[in-house]
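Enquirer: Need coordinates for the following:
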Amino acid sequence: MEEEWTKFQKEMETQQQVSENLQEEDEEEAQIERNIDEIDEQINCFAKVEALRDKQDAIKDMKAKKSKDIPNRDSEESSSSADEAEFDELLDWRSKGAWK
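Expert: The predicted structure is shown next:
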């Protein structure tokens, strides 16, 4: 009877070891799948970033072409922004001390 019990315990140990090995393999496969999914997501995000950079470059090129076509427009915009700043200063009641 004692001999059967030791044989049974040895068999249980080997089955336990096999079970642990299978579990480790499953966990490893799951980790690899998660890593692959994460890498795919990063690739997709990088592709979006590249598309946005291309779009940004295209817009910058368009602005450069427009600024070359209309050089006087920048001076008009700067003078109008200066006019707006003066107008805002006139309307700013705090700077006049009107709140006292």
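Enquirer: Under the pLDDT cut-off, which ranges of the protein? List them.
Expert: 71-80, 86-100 (pLDDT under 70).
Enquirer: Now do stretch 50-68: distance to the chain's middle.
Expert: The chain centroid and the centroid of stretch 50-68 are separated by 22 Å, computed with C-alpha atoms, centre = their mean, to the nearest Å.
Enquirer: Could you pull out the buried residues of it?
Expert: By 16 or more other C-beta atoms under 10 Å, stretch 50-68 has no buried positions at all. The C-beta positions use only the backbone N, C-alpha and C, and glycine is treated the same way.
Enquirer: Only C-alpha atoms, please: export it in PDB.
Expert: Output of stretch 50-68 as PDB, limited to C-alpha atoms (Å, rounded to 0.1, in the frame of the first residue of the first chain):
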ATOM      1  CA  GLU A  50       2.900  60.600 -40.600                       C
ATOM      2  CA  ALA A  51      -0.300  61.500 -42.400                       C
ATOM      3  CA  LEU A  52      -0.800  64.500 -40.200                       C
ATOM      4  CA  ARG A  53       2.800  65.600 -40.800                       C
ATOM      5  CA  ASP A  54       2.300  65.300 -44.600                       C
ATOM      6  CA  LYS A  55      -0.900  67.400 -44.300                       C
ATOM      7  CA  GLN A  56       1.000  69.900 -42.200                       C
ATOM      8  CA  ASP A  57       3.800  70.100 -44.800                       C
ATOM      9  CA  ALA A  58       1.200  70.600 -47.500                       C
ATOM     10  CA  ILE A  59      -0.500  73.400 -45.600                       C
ATOM     11  CA  LYS A  60       2.900  75.100 -45.000                       C
ATOM     12  CA  ASP A  61       3.700  74.800 -48.700                       C
ATOM     13  CA  MET A  62       0.400  76.400 -49.600                       C
ATOM     14  CA  LYS A  63       0.900  79.200 -47.100                       C
ATOM     15  CA  ALA A  64       4.400  79.800 -48.500                       C
ATOM     16  CA  LYS A  65       3.000  80.000 -52.000                       C
ATOM     17  CA  LYS A  66       0.300  82.400 -50.900                       C
ATOM     18  CA  SER A  67       2.700  84.600 -49.000                       C
ATOM     19  CA  LYS A  68       4.900  84.800 -52.100                       C
END
